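**Q** pasting a predicted model and its sequence here:
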Amino acid sequence: MSTRRTYALDPTAEASTRDCLDPWFFALLDSRRNLQPCCWRPPIGRLEPGQPLDALLDGPEMRALRRRLLDGDLDAHCAQCPNRALTTPANLRRRVRHELAAEHARLAAGQDEAATPNCHLRA
Ligand code: SF4
């Protein structure tokens with residue numbers, strides 16, 4: 001029996017994506033204004049002074065990353081990710097839809113004053 005955990009395995013034809021919501025719900029902005037979509041990838045861009053954060057969060061690099069996860073077309077970083085388990089694109093899409101609906105419900109109920117109505121869930 002293998003002792004390797006699923007997140008350390010290589011993607012397969014069926015389990016071709018990662019069970020990862022970070023590019024939708026997480027961002028790391030360092031003191032030099034570099035924005036990472038997760039802890040494992042290099043920055044996707046640098047926030048210029050006066051530039052809205054949405055410019056990066058909804059920019060072409062982030063959208064392409066989300067699309068590749070949804071399609072199971074992983075780049076090298078996600079294909080070798082040590083932190084997220086493998087799953088099918090259909091399962092990831094279901095999870096993204098579920099989390100988006102839950103986020104909108106929270107916002108509609110006024111339960112998250114810090115959240116923006118512009119959920120970064122576009123791909
Ligand atoms: S490298 Fe891993 S944690 Fe980062 S976006 Fe890809 S699957 Fe998610």
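**A** Happy to help now that I have it. Numbering: from 1, shown residues only.
**Q** now do the strands in this structure.
**A** Taking DSSP state E as the criterion, the chain contains strands spanning 17-18, 28-29, 34-36, 45-46, 86-87.
**Q** most centrally placed residue in this protein?
**A** Nearest to the mean C-alpha position of the chain, by C-alpha atoms, centre = their mean, lies Pro23 at 1.9 Å.
**Q** so Glu48 versus Gly59, what's the distance?
**A** From Glu48 over to Gly59 the distance is 12 Å, taken as C-beta to C-beta, to the nearest Å. Just so you know, the C-beta spots here come from the backbone N, C-alpha and C atoms, and that holds for glycine as well.
**Q** these two: who's more crowded?
**A** Gly59 (13 against 10; other C-beta atoms under 10 Å).
**Q** backbone dihedrals for the more buried one, please?
**A** For Gly59, the backbone dihedrals (degrees, to the nearest 10) come out as phi -80, psi 170.
**Q** the longest helix seen in the chain and the ligand in contact?
**A** If you go by DSSP state H, the chain has its longest helix at helix 89-108. No: with C-beta under 6 Å from any ligand atom as the criterion, the ligand is not reached by helix 89-108; the gap is at least 9.9 Å.
**Q** tell me the mean pLDDT over that helix?
**A** Helix 89-108 carries an average pLDDT of 93.
**Q** Pro43: what's it in contact with?
**A** Residues near Pro43 by C-beta atoms under 8 Å, 6 or more residues apart in numbering: 30, 34-36.
**Q** the nearest residue to Glu14 once chain neighbours are set aside: how many residues sit nearby?
**A** Excluding its sequence neighbours, the residue lying closest to Glu14 (C-beta to C-beta, 6 or more residues apart in numbering) is Thr88, at 6.0 Å. Other residues lying near Thr88 total 15 when counted by other C-beta under 10 Å.
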